[in-house]
Every structure is written in structure tokens, then in C-alpha cells.
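Chemist: structure, please.
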Amino acid sequence: MLARRENNKIPIGNLPPGSFGLRSGQTGKVTFFTIVMIIVVLITIIVLAMLISEVMKKEQITLNVRVIDSTKNPVPGAGILINGEYKADADSNGIFRYVYTTDHQGETISITARMANYIDTETSITLTATPETAALILLRPLAELTIAAIDSVSGGPLSGVEVFLGDEKIAETDSGGLLTLPPDRIRLFDYAFIKLKKKNYDTALRDIYVSSLDYSETFALARTKQVARAPRRKPSPTAVTFIQEVAKPLEVTAPPPGEQVDLRLDTTAVPTTSIEEDSAFYYMNSANYRRALDMYSDLTSSRQWTARGDFWLYGADCALHLASDAFGSFNEGTLDSALKFLENAERYQNLVQGDLFPAVVQIKKGEAFAYKSELYANKNLARLEEFRRKALFYLNSGIRQLRNKKLIDNEFFQFAVRMRDEVAAY
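Modeler: Here you go, the predicted model:
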């Protein structure tokens, strides 16, 4: 009979082969399935890392810095400093593009623009997540302009000379003939239109280019000659004389069908004669321009006569004769009245059967603007040039029309050419 084993335990060392499911001779090698699983896990980790990196990637934002001057024109080549560090020059459009990333939003940076002959300008910008534009205005430094007034003959200083900057009186020269303009009025490279006036001296005008920070200009004033002035020009010939003596008599018709004219006119013809018309014509030919102008004003204000282009022209002609005195001093209000008359003459000129009527209207408009340009000769150079250009345009237009009609051997044409040449020589 076999002996009983205590507690039925068998020593491990005595276990038979294959007791743990391994066959006899089998080792612990990794299987193919295990390798595949490891590769899948590694690929998953790499993809996740790439996705996280893309999510965390910093987005770039562009801040446009625009550098302009006081006239809002770009300042190309201006140096740009960010937080005191030079970055680059503005391009040909005055633009510098500062690129930053989203992780810098919320930060405040200082931007400085710097250019030769300009004052540095600086601004602070808080960076945001959306593109912005920062504008920096560069100003030229203020300059001192000193005016010296002397007598053109003796060369001695002139005190008490009134000095104007444009149309504004600044002050008068001191005992040494000097005046320094206030330092906040002129900047480097500005143009300053200076006018000097003193009793018994001719007014002096000059457009000064301030080319340095401490600039001075000397004016030599000439004494006014105490002689009687001659008339500046021969009086303008009247339009009525030209039309009646050189061209055929005018006829006026009713407005064409369908034209919207707020008039109570006969549908066949506009009345061509009246006691008022004859009287106005009489006073005009008698050189009583004031009386004639009053009558033409009354005629054109009537609904019955509003469309008479010839009335408007003759009224303008009278106003032009009244606008200047014997020495060529002009009244602007009277000139403006003449231009309003001429605008209506042009408006209704299609109702006047006379192919030279438009030419006469053009020349008269040129005459009115020529007088207005002379009115501003000592006041405002910009307005003078504006009216001068208009005068040349209308005078040349009328002259061309008369020349095309070969009507050049008359006083009216010669007057227009003479005035055109005078205006062109301003």
C-alpha cells in the first residue's frame, strides 16, 4: 500500500513538464499579434502629437503702420521703431507691416516714425487678435520767419509797416524795420504769402519759401508816385453794338415743344417789342447803363419776358460797364450780378436766332472773370488764378467762334483778343 502525501502537496521542483500550459521545449517568444498592436499604438501617439501641435500652432497677425504728413500724403522711407528698436523703412506708400503672433495679443507696444526734416512721432498700440492700422502723422518743425522792410531808395529800415500773412494782419515792423512772425505759424518748407503795406508806399507782395528753421526775407518798398493815374483800359464795346452792326438783327422764338419752362408765353412766339424794351435799349445806347440795367432787371423778372436771352445779355453788359470806375477798380457784387445775367443768357440762347449770340455771351463771361481776377490781384493768389483760368477759357471760346465766322475786323473782336492777351500775361 502506497504512502499518503502530506496535505496532498507536491513540491514545485517535482512538477512534471507542461504543468503551466507550455509544451515541453516551448520558450516565451513575442507573437505577431503583439507586434501589430505595438505599431498601432505608436502611430496613434504620433498622430495625436501632430494634431495637438497644429492646434497649439501660433497664428500670425499683421499690423499696418501708415506714415503720413500734415496734408495726409504718405511719407515713404520713414524709419519705423518698435519699442525703441529700428525695424525697417516705410515703403513707397508710407506703409510698414509689423507681424506678430496671437500669443502676443494684449501686449502694448510703442511705434515711432522718424524722418529727416520732420519731428519724431510716437504712438502706443495694444495688440489684438484682429488686423489693425495705425496712422502716424509726421510734422515738419516750426520755423522762425523774420521780415525786414527797407526803403528802396535809401536802404534805411522802415518802421510801422503792416505785415500780412495771407489776408491776416500779423503786426507792424519795429524801429529797425523788423518783424518776426509768431513761432507757431510757419513750418519748415512751407510757402508763406506775405504782404507789406505802408502809407505813401506801394504794397509789396511775395510768396516766400521757408527753406531753413531761421529764415529771413527783405522787402524793399518803393514810394508811391504822386501822379494822376490814367484809366487802365479802354471801355468794353457793348454787345448790342456788335450784334446789330456786325451780325444780323436778333429774333427770339418760343421754347421748343416739350421744354419745361415756367412761363406764360404765347405758343407761337415770344413778344419781341415793347415800350419797356425800346426804353431800355435807348438808355443803353445813350450810355445810361444804370437806368438801362434797372429796366432790364425789371423785364427779366417778369414771367412774360424771362426767356428773352437778349435781355439777359444786355443787362449783363450794362452791369459790366458799371462794375469798374475810370481807374479800373471793380465792385465784386456788380460783377457777380453780371455773371448771373450771363448764366441766364446762356440758358436761353437756343431761343435766339443768331449764330453769333453764343460767342458774345462767352466773351462777356470772360470779361467778367477777367475783372474778378484783377479784383483779387492783391488779396488772394489762389482766387486770382481760379478766375484767370476761367477768363481765358471763355475768352478763347468766343474768339474762336468769331474767327470761324471770319468776323475779326471789328472793335469787339479786337477787344476780346486784347483782354485775352492781358489775362494770359498775369
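Chemist: and the helices in this structure, which stretches?
Modeler: 32-55, 239-245, 275-285, 289-301, 309-323, 332-347, 357-375, 381-404, 411-424 (DSSP state H).
Chemist: of these, which is nearest residue 182?
Modeler: Closest approach to residue 182 among those (C-beta to C-beta): helix 381-404, 21.8 Å. Glycine gets a C-beta too; all of them are placed from N, C-alpha and C.
Chemist: give me the distance between residue 83 and residue 133.
Modeler: 19 Å (C-beta to C-beta, to the nearest Å).
Chemist: check residue 220 too.
Modeler: Residue 220 sits 51 Å away from residue 133, taking C-beta to C-beta as the criterion.
Chemist: residue 80 too?
Modeler: Relative to residue 133, residue 80 is positioned 14 Å away (C-beta to C-beta).
Chemist: now swap in residue 184 and tell me
Modeler: Taking C-beta to C-beta as the measure, residue 184 and residue 133 are separated by 30 Å.
Chemist: so the two - more neighbours on which side?
Modeler: Just comparing residue 184 and residue 133: by other C-beta atoms under 10 Å the higher neighbour count belongs to residue 133, 11 against 7.
Chemist: residues contacting that one?
Modeler: Remark: with contacts taken as C-beta atoms under 8 Å, 6 or more residues apart in numbering, residue 133 is in contact with 63, 64, 65, 66.
Chemist: nearest residue to the last one other than its sequence neighbours?
Modeler: Right, residue 66. Excluding the flanking residues, the one nearest residue 66 by C-beta to C-beta, 6 or more residues apart in numbering is residue 135, at 4.9 Å.
Chemist: give me the pLDDT for the one you found.
Modeler: On pLDDT, residue 135 comes in at 90.
Chemist: repeat for residue 198
Modeler: Residue 198 carries a pLDDT score of 94 in this model.
Chemist: so who does it touch?
Modeler: The neighbourhood of residue 198, defined by C-beta under 8 Å, 6+ apart, consists of 149, 158, 160, 161, 162, 221.
Chemist: how about TSV for these, with distance to residue 70 and neighbour count added?
Modeler: Putting those into TSV (distance: C-beta to C-beta, whole Å; neighbours: other C-beta atoms under 10 Å) gives the following:
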residue	distance to residue 70	neighbour count
149	30	27
158	34	21
160	34	12
161	30	25
162	28	17
221	33	21
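Chemist: could the helices of the chain go into a markdown table alongside mean neighbour count, distance to residue 97 and mean pLDDT?
Modeler: Output for those, formatted as a markdown table (neighbours: other C-beta atoms under 10 Å; distance: least, C-beta to C-beta, whole Å; pLDDT from 0 to 100):
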| stretch | mean neighbour count | distance to residue 97 | mean pLDDT |
| --- | --- | --- | --- |
| helix 32-55 | 10 | 25 | 77 |
| helix 239-245 | 18 | 64 | 68 |
| helix 275-285 | 16 | 71 | 74 |
| helix 289-301 | 19 | 63 | 86 |
| helix 309-323 | 26 | 59 | 87 |
| helix 332-347 | 19 | 52 | 90 |
| helix 357-375 | 24 | 48 | 89 |
| helix 381-404 | 17 | 38 | 89 |
| helix 411-424 | 18 | 50 | 85 |
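Chemist: among those, which comes closest to residue 197?
Modeler: The closest approach between residue 197 and any of the helices of the chain, judged by C-beta to C-beta, belongs to helix 381-404 at 16.3 Å.
Chemist: what does that closest one rub up against?
Modeler: When contacts are defined by C-beta under 8 Å, 6+ apart, helix 381-404 is touched by residues 193, 207, 356, 358-363, 365-367, 369-370, 372-373, 376-377, 408, 412-413, 416-417, 419-420, 423-424, 426.
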